[in-house]
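Q: Sequence first, predicted coordinates after that:
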Amino acid sequence: PSVPMLKPITVTDSQSGRVSPMPSPKVKRNNSFDNAANMMFFDTANSNRQLADMSRDVPIPDSGGYILGDEFLGSSCTPLLVFINSRSGSQQGDLLITQFRRLLNPIQIWDLANGGPEKVLKSFSVLSRFQVLICGGDGTVSWIISALEKMELKRWPPIGILPLGTGNDLARVHGWGGGYNNESLLYILKQISEAYISMLDLWELDITTVNKKGKTRKEVKAFLNYLGVGVDAQAALQVHNLRESKPKLFFSRFFNKAYYALAGGEEAIKNSCTNISEQITLVADGIEIPLPPASQGIIFLNIDSYSGGVPMWSNGLRPRRKARSNSEGHILNGSKSFPRNDSIDDLADYEVPKELSFEEKVAKLTACDKQSSCQDGLLDVVSVRGAFHLGQIRVGLGNADLLCQCREATITLKKNFAVQIDGEPWRQTQSTLSIRRKPDRATMLHRSVADNGGVESEVTKLLNWANEKEIIDRNQYAEIMGEFSRRAEFKKVKKQQDKTW
């Protein structure tokens, strides 16, 4: 047997955006290695020095079978690791696997149907820089991000999305569209190389349930896009049960959405989530928010894209409402508008100061005048009045009722309700649901609308260069990149609003 060698790795050039092969590593010969040229593969070292030379000079595969390291990278190349879920959405994954393996080195392609992403991510994490492309739905993206969280990396690899799922809401807000329609993969690889960084808040749901014997059971779940309680989760649960029993029916994105429409129509007839305002208690940032009497569901949004691209928050209505405190019992009618902060450093100003009166606290919480952002540490909370109303919102004939924007929330369920996170529904018994933001944020790739990447792409490359040259440290890189990402998002939303007007 011969010494295992690494095949040429195909990478994306961060300067030109071209896909080019990286040369294979060569085994270096150390002049101090006694008779190294005459040693055979199975020969043993005669000294610790020879053993050290062998371990340094001969590429040794890791536990995953990969031979990777920064010494194999060019100065302007960033490796791309592609995860493909061949079972997502309309099942386009098998074709993509074949095509990507022709364009890239096969070791850069991993089919998630063959196993989880942990082993591959661990092997690639030895590189100081690499990017990830996820070909799948929102559930697949959540899976990869969860694996990256557990690795506790000092610097996250930027994540791009090739949408293969049904809703693809996360891909939509980052500019990758609502679905893959057989576009050129070379063009998509070029867009990946020209994309800029965008941060994404990560949220955690703690479920506390007390059974009849008084025993407490706790469960923790994570979500990226949204959490729903009530009518929207009930419809999603019906579709989920159908998918589990008859998976062959879900063979295209169009029919998948049709099943959701049928489930919503059935729920509109059953009307199983009436009187939800009397069966659910919502406390946001320590203040109880009364639900509208006609409400049949509440939705917590991290991104302003729901159920396949519906902008629930930006198109929502801000009615006058009342709120009360658990301890003081004060009532406030109406709300007060507060300007949006333009800097991440100013986000701390959103924290409710102690010197504010209760009325001012409620006015600030329920103003609902800030634009939706996936990186401002806030959840946007809306209410829907039933399945029919939800259908109207999806086709643009209705608007959700805006409730508040908060940093944390607690929901008390007084009866069993359907709950969903990112389209994954279940039946939840009487319990307390606590939502809070995780300390880490995911690093996403946002598609640039300008040719050749635009100024956003150039700023991203500049910051990466400064970090690699140790001009700025990792903490400074994270702070600057986070602020840049937020300002780029604010600029994008403002342009969309100007076009609307």
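A: Done, it's in. Numbering: from 1, shown residues only.

Q: how about low-confidence regions in the stretch 51-200 of the chain?
A: For the stretch 51-200 of the chain, the stretches with pLDDT under 70 are 51-64, 74-75, 88-91.

Q: Quick one: the helices in it, in order.
A: For the stretch 51-200 of the chain, the helices defined by DSSP state H, counting those that start in this stretch cover 93-103, 118-124, 138-151, 169-173, 185-194.

Q: Tell me, please, where in the stretch 351-500 of the chain the pLDDT is lower than the cut-off.
A: Applying pLDDT under 70 to the stretch 351-500 of the chain flags residues 351-354, 450-453, 493-500.

Q: Show me where the stretch 201-350 of the chain has its strands.
A: Ranges of strands in the stretch 201-350 of the chain, per DSSP state E, counting those that start in this stretch, are 216-223, 226-230, 280-284, 287-288, 297-301, 322-323, 332-333.

Q: For Ala442, which of these is the nearest?
A: strand 216-223 (10.9 Å; C-beta to C-beta). Backbone N, C-alpha and C define where each C-beta goes, glycine included.

Q: next one: the closest one to chain centre, how far?
A: 19 Å (C-alpha atoms, centre = their mean, to the nearest Å).

Q: swap in stretch 211-229?
A: With C-alpha atoms, centre = their mean, you get 20 Å for stretch 211-229.

Q: How about stretch 468-484?
A: 21 Å.

Q: For that stretch, output the C-alpha coordinates as PDB.
A: Provided in PDB are the C-alpha atoms of stretch 468-484 (Å, rounded to 0.1, in the frame of the first residue of the first chain):
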ATOM      1  CA  GLU A 468      -6.400  36.700   8.700                       C
ATOM      2  CA  LYS A 469      -3.500  39.200   8.800                       C
ATOM      3  CA  GLU A 470      -4.100  39.700  12.500                       C
ATOM      4  CA  ILE A 471      -4.700  43.400  11.900                       C
ATOM      5  CA  ILE A 472      -7.900  43.000  14.000                       C
ATOM      6  CA  ASP A 473      -8.500  40.200  16.500                       C
ATOM      7  CA  ARG A 474     -11.500  37.800  16.500                       C
ATOM      8  CA  ASN A 475     -13.600  39.900  18.900                       C
ATOM      9  CA  GLN A 476     -13.000  43.100  16.900                       C
ATOM     10  CA  TYR A 477     -13.900  41.100  13.700                       C
ATOM     11  CA  ALA A 478     -17.100  39.900  15.300                       C
ATOM     12  CA  GLU A 479     -18.200  43.400  16.500                       C
ATOM     13  CA  ILE A 480     -17.400  45.100  13.200                       C
ATOM     14  CA  MET A 481     -18.900  42.400  11.100                       C
ATOM     15  CA  GLY A 482     -22.100  42.400  13.200                       C
ATOM     16  CA  GLU A 483     -22.500  46.100  12.900                       C
ATOM     17  CA  PHE A 484     -21.800  46.100   9.200                       C
END
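
Q: Surely Ile134 touches Leu81?
A: No: contact criterion C-beta atoms under 8 Å: Ile134 and Leu81 do not qualify, at 9.5 Å.

Q: Gly482: neighbouring residues, count only.
A: 17 (other C-beta atoms under 10 Å).

Q: What strand or helix carries it?
A: For Gly482, the host element (DSSP states H and E) is helix 474-500.

Q: Tell me where the model's unsure across the stretch 201-350 of the chain.
A: Ranges of the stretch 201-350 of the chain meeting pLDDT under 70: 240, 243-244, 246-271, 319-350.

Q: ok, which stretches of it are helices?
A: 231-245, 253-270, 276-279.

Q: what about Leu390, is that helix, strand or coil?
A: helix (DSSP: H, G, I helix; E, B strand; the rest coil).

Q: Which residue, neighbours along the chain excluded, lies closest to it?
A: Val384 (5.0 Å; C-beta to C-beta, 6 or more residues apart in numbering).

Q: Quick check: the one you found touching Leu291?
A: No: judged on C-beta under 8 Å, Val384 makes no contact with Leu291 at a distance of 10.8 Å.

Q: shared neighbours of those two, anything?
A: Shared contacts of Val384 and Leu291, defined by C-beta atoms under 8 Å, 6 or more residues apart in numbering, are found at Ile298.

Q: re the thing from before, of Ile134 and Leu81, give the one with the bigger neighbour count.
A: Ile134 (29 against 23).

Q: looking at the sheet around that one, what are its partners?
A: In this entry, Ile134 is beta-bridged to Phe83, Ile161, by DSSP bridges.

Q: Return the residues in contact with it.
A: Going by C-beta under 8 Å, 6+ apart, the list of residues near Ile134 reads Phe83, Asn85, Thr140, Val141, Ile144, Ile159, Gly160, Ile161, Leu162.

Q: export the strands of the stretch 201-350 of the chain to JSON lines and tack on distance to Ile188 and mean neighbour count?
A: Below are the strands of the stretch 201-350 of the chain laid out as JSON lines (distance: least, C-beta to C-beta, whole Å; neighbours: other C-beta atoms under 10 Å):
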{"stretch": "strand 216-223", "distance to Ile188": "27", "mean neighbour count": "13"}
{"stretch": "strand 226-230", "distance to Ile188": "26", "mean neighbour count": "26"}
{"stretch": "strand 280-284", "distance to Ile188": "40", "mean neighbour count": "21"}
{"stretch": "strand 287-288", "distance to Ile188": "45", "mean neighbour count": "20"}
{"stretch": "strand 297-301", "distance to Ile188": "28", "mean neighbour count": "26"}
{"stretch": "strand 322-323", "distance to Ile188": "47", "mean neighbour count": "18"}
{"stretch": "strand 332-333", "distance to Ile188": "50", "mean neighbour count": "16"}
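
Q: Much appreciated, bye for now.
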